[in-house]
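**Q** My questions concern the predicted model and sequence given below.
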Number of protein chains: 2
Amino acid sequence: MAPAENTPSSAGAPGYDRDAVRAVLDRARAEDRTALTAPEGRALAEAYGIPVPGEALAASADEAVSAAVELGLPVAAKIVSPDILHKTDAGGVAIGLDSPQAVREAYERVVANARAHDPGARIDGVQIQRMVGGGTEVLVGATTDPTFGKIVVFGLGGVLVEVLKDVSFRLAPVTREEALEQVGAIRAAEVLDGVRGGEAVDRGALADLLVRLSALVTDFPEIAEADLNPVFASAGGAIAADLRFVLDFAPAPGPKRFEREEILAAMRRIFRPRSIAVIGASNEAGKIGNSVIRNIVDGGYEGEVYPVNPKADEVYGRTAYRSIADVPGEVDVAVFAIPAKFVAGALEEVGAKGAAGAVLIPSGFAETGEQELQDEVLAVARKHGVRLLGPNIYGYYYTPQKLSATFCTPYDVAGGTALTSQSGGIGMAILGYSRSTRTGVSAIVGVGNKADIDEDDLLTFFGQDDNTDAIAMHLEDLKDGRAFVEAAREVVPRKPVVVLKAGRTSAGARAAGSHTGALAGDDKVYDDILRQAGVVRAPGLSELLEYGRALPVLPAPAGENVVIITGAGGSGVLLSDAVVDNGMSLMEIPPDLDEAFRAFIPPFGAAGNPVDITGGEPPSTYEKTIRLGLEDPRVHALILGYWHTIVTPPMVFAELVADVVEQARAAGIDKPVVASLSGDTEVEAASAHLFEHGVVAYPYTTERPVQVLGAKYRWARAAGLL
Amino acid sequence: MAPAENTPSSAGAPGYDRDAVRAVLDRARAEDRTALTAPEGRALAEAYGIPVPGEALAASADEAVSAAVELGLPVAAKIVSPDILHKTDAGGVAIGLDSPQAVREAYERVVANARAHDPGARIDGVQIQRMVGGGTEVLVGATTDPTFGKIVVFGLGGVLVEVLKDVSFRLAPVTREEALEQVGAIRAAEVLDGVRGGEAVDRGALADLLVRLSALVTDFPEIAEADLNPVFASAGGAIAADLRFVLDFAPAPGPKRFEREEILAAMRRIFRPRSIAVIGASNEAGKIGNSVIRNIVDGGYEGEVYPVNPKADEVYGRTAYRSIADVPGEVDVAVFAIPAKFVAGALEEVGAKGAAGAVLIPSGFAETGEQELQDEVLAVARKHGVRLLGPNIYGYYYTPQKLSATFCTPYDVAGGTALTSQSGGIGMAILGYSRSTRTGVSAIVGVGNKADIDEDDLLTFFGQDDNTDAIAMHLEDLKDGRAFVEAAREVVPRKPVVVLKAGRTSAGARAAGSHTGALAGDDKVYDDILRQAGVVRAPGLSELLEYGRALPVLPAPAGENVVIITGAGGSGVLLSDAVVDNGMSLMEIPPDLDEAFRAFIPPFGAAGNPVDITGGEPPSTYEKTIRLGLEDPRVHALILGYWHTIVTPPMVFAELVADVVEQARAAGIDKPVVASLSGDTEVEAASAHLFEHGVVAYPYTTERPVQVLGAKYRWARAAGLL
């Protein structure tokens, strides 16, 4: 088998015969067909080096017999007709033909059946195919996902795919490395290594098939679907026993793409505007146009603020203008607080003024069925080169500029987390949670209907924004999944990207459908491809908020060795469960380190991992063991379990841990440390103290600290740090 | 096929030939064997009506041939020898014999192989067995679990069992109903209904096999393991093609069992003591004996309190006694606050005094390796009929008696939840969380090393305790899983039992092992059998605490129709996801009800389910739609999604919901209502207000309210209310 390609795009890749494929597809297009015949499919496979069983096209029973003898029995006989897609239904397939006589009879029979099935069908002959089998039956396929475009799928044949849906998806094209990972990502991957006495299959050969098929559908976007099913995999390789291709010569156009520099130029003006106009600014309390200007001014924004209101001379103490055209200086951003029906008109003026961004707070567009109105507004924006945020949003915050362009309330705890939400309700939860937990925030952004600016634009900006250390996004759909993945791949090596994808379940997706008209993709596709892009997926809103809050607080781990140090054995057990649940594993403590821990703990305490220092210990035992864990270079992350006692009260514990961690950091040792505090209500203040000192700590839960550490690890692995 | 038995015990069940089984087992015992030969296994199967393929024992090649012809070809030939357990390894098996000549040759071959394998083996002949096959291959088995005793297992043969561990366990014996449920409980159960053109198998026949096998191992405890593997299941029935039995005539004795009335008599005196002695009561601050008496007195306990201290005349203002023997009145409970080594001696006196319970706070017993000391203490307790709580615990609380017999701090928010923990650290988390959330608690109990009193004793008491509405237990192991299941089954129809089983993962179980020396059972066994007992399993500590807090607040649902009413469409999507994640489903709203909802919401709002009232609505829209949901008898539970707006501020929402729910309750309508509040920090107080008024509400999370409702549903189904 030829070595697989290792390049993400196959353009000009040796071994791929693009001309042969082009010829087949051109003929199908000329004949207005959306399916390929078996020999055509075979031609595509051969052009891209996908192994297929030996076969020949026979135009007579005699030709069939001699082909069968040459290929080797047993063979299958399949009718070849551009007009018959479902050959089996037409009686056009005979299998297990193990003698020349059987081949002859089968030829006559399938042709007769096909004629009877469709008297007008063009019959090109009968395909005589060597029957392969044995080994392990797998499925390799490609399809065109409405969100992500070309994707490849891998699964084990039969029950595992059909009943348990045990498949893995990846964005096409895949590299060989990605394809190997995809093969191993199915739950029953162990089957590939041989079970019940079976031999292990050649995973490399399967990865090679995925690489080649993904290159084929990438090079020829008109191949809408491809199924290699079954593929017979064995120790000797993999062979595609049946192929099926579906074509689409008129795919729907994708959303408009901007160049990275175009995106950044607009976003920099939007997030760091020198001046903001508020279209519909009002003096009337309770009006959105009043809240918006008040929040911008009261929030401390230091640039120019221009109220635009045809009926007022002054709004909130600032000179008001009839129209944005009257504003004396330049305007970077216009925040719209006027009814939907006036937006397009006002946007013409905003565009003419040269604004970079229009923040469309009003609702009454696509979300209420007014898609046309939204399209009209977008057209105006495109004409003037204005980027739109919204419509149907609460606005946006950017704390480095003390900017609260929103009808909610200002937010001023600056920090490293940028949060975005598709839903206004979720945006309010972001605001409230951030305020309640004093989460350090760089930005909170509503994207609403996403008529224009969407998550990939924001990812591109936050990815290069020095004020942002982590990005957390709530979304119900992606307008352009591929652009999102590209942006995420660029950002993830530098900072974590957390995504809460709502509408995971079919019930949730139905609800999303009624909310935004978004087409909800299959969740497994989202799950696999977001992971492939290195995104940390939050299982729920609570985790989105908490990951957003905590990930920037934790340093990145430098390795996989996690150690639990606990005063409460019971917490140690639960923390151990949580470590496994969150995809980490407990370090096997080397004997010398074990001995070093033992020197600090009572004889009936348990070393090993968890290190159980037992409950009645003084602060010094916590201190010595934690310091040991921090200073030993083989340990990469610490999980602390605290048990409230009189001997070591909660705040004593919190202060000593904060001190030990700070000393280590001063000495250049910066490892992630998380803590679970069990005790009476004083553990709440102790947890808060720890959090403020860079230790992610929670009271009354053994799950949450480990979950956050697990999220940090998932990111660190995706970022290539481990 | 004979109808399956529907009785949990098969004693005297018609169709079970106990004498035949007894004869086989007696012979094996007499011969000191722990395995049965194939004909013996067959005899057991036939005695209990388990279908097996036709077969015969041949003592010569001629007999083999005539048996084969009579049974019908193909047949298998298997050596029969009490000395050869692994027949295949000994070359003692030949399969697929499809001619008389093949049978003859196979007979000679397997006998020769067996002789060569073990020249001393007794050879009873060769079993000639009709080969069955086709249909679906499944596994039916039974084993003896160290925690639960006899259990039965069901799974699909091959990869699904071996790689994906897709099996279901149930406590033996199973009823036919339980067995049917067990068959359907595997993940790939759909396979049984026929996939890829296969026919559906007879699930009743599989259930029947499970019923019969479970009766067999229950009736004959010396059958330690039984494997029917493979069983071939088809539309026509199920047949066990191979059987394997392992015997154990000297099983380890189980823990001591008490009668229900014995348990209750002791527990009532322990939880409602007229008097308490504190052994080791002390005036010295910081000593456990000082904290304990202070907490009992300051907590408001109204019975007699007797300090026992040989060196003091008075402790905390009460007359102290040298020995409990000197105490003038009766003593129901003695709380021990003395070092481990003095416990046995003091317990002799406590026993002589006639106390019902000894609460052993001290550590230094089995958890530090001092198993013998613990056994000695238990022996003293048994001699006097004193029940022990602990050792190695924080004590216990029982709020109806204002009893805080602990070295922690008193707790006085009386309510319906009884909480227990095996670990002291977890106990402290229970105390702190309860205090912080003002959880209404009936009891908090530490069980520690469980030398005597364990979860089933406490379940038995709380089950009949009118002050307790829900029971939440943290445990690392069960001393007697079967007693726990029996107690749980008795309690669950009246009140929810929530269990956090720590040590779910192998890492967690290892940690548990080092903590308590507990043998951690396979988690899947725990999971299946706790569910079979109707227990609601909490996935983590957070959920244990929250289910304990919230379940008594919610009324039980009367049906499965869940409706989401939301102001935030984005919350509606996430709440829908959570509904599915938590095993519920959204009601299909009937057209008339849909129309009724639509009458209250804006035209662009979405009816259906979720009912999306949209974000800018006034309080009256929430009120009308929620009232409609409560009053329509087809709706059984409501999930509310609130979105903070100026029009309907958080506390306005909270008060209106509390009012509407209260009015409905006054009118006799009591449905569970949960709420997710998205908004600025005022939603925290609003959530608290709702909680206090019987609506389980949380800020900033769409997951938690639905998770709690899901737990309530799981209980209601287990209790037979739905």
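**A** Perfect, I can see it now.

**Q** Grab the longest strand from chain A for me.
**A** Longest strand of chain A, by residue count under DSSP state E: strand A:223-234.

**Q** per-residue confidence averaged over that one?
**A** The average of the pLDDT scores along strand A:223-234 is 91.

**Q** repeat for stretch A:50-64
**A** For stretch A:50-64, mean pLDDT is 92.

**Q** One more: stretch A:540-556?
**A** For stretch A:540-556, mean pLDDT rounds to 97.

**Q** follow-up on the earlier one: now for the longest strand of chain A, which elements pack on it?
**A** strand A:136-145, helix A:203-219, strand A:237-240, strand A:243-247 (3 or more CB pairs under 8 Å, 6 or more residues apart in numbering or on different chains; DSSP states H and E). Where you see a C-beta, it was placed from the backbone N, CA and C, and this is true even at glycine.

**Q** Run me through the strand neighbours of it, direction for each.
**A** Its sheet considered, strand A:223-234 pairs with strand A:136-145 (antiparallel), strand A:237-240 (antiparallel), strand A:243-247 (antiparallel) by DSSP bridges.

**Q** Would you mind pulling the contact partners of the shortest one?
**A** If I follow you right, that is strand A:237-240. Here strand A:237-240 makes contact (CB atoms under 8 Å, 6 or more residues apart in numbering or on different chains) with A:1, A:45, A:50-53, A:132, A:138, A:140, A:201-202, A:205-206, A:208-209, A:228, A:231-232.

**Q** likewise stretch A:620-628?
**A** Stretch A:620-628 is contacted by residues A:565, A:567, A:593, A:596-597, A:600-601, A:611, A:613, A:638, A:640, A:642, A:648, A:653, A:656-657, A:660-661, A:663-664, A:673 when judged by CB under 8 Å, 6+ apart.

**Q** buried sites along that stretch?
**A** For stretch A:620-628, the neighbour count (16 or more other CB atoms under 10 Å in any protein chain shown) marks A:621-628 as buried.

**Q** Where does the prediction get shaky in chain A?
**A** Along chain A, segments meeting pLDDT under 70 span A:1-14, A:133, A:158-160, A:196-197, A:509-521, A:605-606.

**Q** repeat that for 50
**A** When residues are selected by pLDDT under 50, those of chain A lie in A:1-12, A:514-521.

**Q** Could you chop it up by domain?
**A** Listed by automatic domain parsing, the domain ranges of chain A are A:18-247, A:260-492+A:542-550, A:561-718.

**Q** Format these as CSV; extra columns: distance to residue B:188.
**A** CSV is the format used below for the domains of chain A (distance: least, CB to CB, whole Å):
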stretch, distance to residue B:188
domain A:18-247, 5
domain A:260-492+A:542-550, 30
domain A:561-718, 23
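
**Q** Residue B:705: which of the ones you listed is closest?
**A** Among those, domain A:260-492+A:542-550 comes nearest to residue B:705, with 11.1 Å by CB to CB.

**Q** quick revisit: any idea which of the helices and strands packed on strand A:223-234 is most buried?
**A** Highest mean neighbour count among these (mean count of other CB atoms under 10 Å in any protein chain shown): helix A:203-219, with a mean of 25.

**Q** other SSEs contacting that helix?
**A** When contacts are defined as 3+ CB pairs under 8 Å, 6+ apart, helix A:203-219 packs onto helix A:18-30, strand A:136-145, strand A:149-156, helix A:176-184, strand A:223-234, strand A:237-240.

**Q** Work out the gap between that helix and the centre of the chain.
**A** Here helix A:203-219 is found 22 Å from its chain centre; the criterion is CA atoms, centre = their mean, to the nearest Å.

**Q** For residue A:564, pull up the helix or strand it's in.
**A** strand A:562-566 (DSSP states H and E).

**Q** got the contact list for that strand?
**A** Defining contact as CB under 8 Å, 6+ apart, one finds that strand A:562-566 is touched by A:572, A:575-576, A:579, A:584-587, A:589, A:609-613, A:622, A:625-626, A:629, A:635-643, A:709, B:425, B:511.

**Q** From these, list just the buried residues.
**A** Buried, going by 16+ other CB under 10 Å: A:572, A:575-576, A:579, A:584, A:586-587, A:589, A:609-613, A:622, A:625-626, A:629, A:635-643, A:709, B:425, B:511, out of these.

**Q** Distance-wise, check residue A:542 relative to residue A:356.
**A** Per CB to CB, to the nearest Å, residue A:542 is found 35 Å from residue A:356.

**Q** Give the buried residues for stretch A:48-60.
**A** Residues of stretch A:48-60 classed as buried: A:48-53, A:55-58 (neighbour count, 16+ other CB under 10 Å).

**Q** rewinding a little: how about exporting the strand holding residue A:564 as PDB, limited to the C-alpha atoms?
**A** What follows is strand A:562-566, C-alpha atoms only, in PDB (Å, rounded to 0.1, in the frame of the first residue of the first chain):
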ATOM      1  CA  VAL A 562      -1.700  14.800  39.100                       C
ATOM      2  CA  VAL A 563      -1.400  14.400  42.900                       C
ATOM      3  CA  ILE A 564      -4.200  14.600  45.500                       C
ATOM      4  CA  ILE A 565      -3.200  15.700  49.000                       C
ATOM      5  CA  THR A 566      -6.100  15.400  51.400                       C
END
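
**Q** Tell me how far it lies from the chain's centre.
**A** A distance of 31 Å separates the centroid of the chain from that of strand A:562-566, by CA atoms, centre = their mean.

**Q** What are the neighbouring residues in contact with residue A:71?
**A** Residue A:71 makes contact with A:54-56, A:128-130, according to CB under 8 Å, 6+ apart.

**Q** Please repeat the previous calculation with a cut-off of 10 Å.
**A** Counting by CB atoms under 10 Å, 6 or more residues apart in numbering or on different chains, residue A:71 touches A:53-56, A:128-131.

**Q** could the residues you listed go into a markdown table alongside secondary structure and distance to residue B:80?
**A** Formatted as a markdown table, the contacts of residue A:71 follow (DSSP: H, G, I helix; E, B strand; the rest coil; distance: CB to CB, whole Å):
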| residue | secondary structure | distance to residue B:80 |
| --- | --- | --- |
| A:53 | coil | 46 |
| A:54 | coil | 49 |
| A:55 | strand | 51 |
| A:56 | strand | 54 |
| A:128 | strand | 51 |
| A:129 | strand | 48 |
| A:130 | strand | 45 |
| A:131 | coil | 41 |
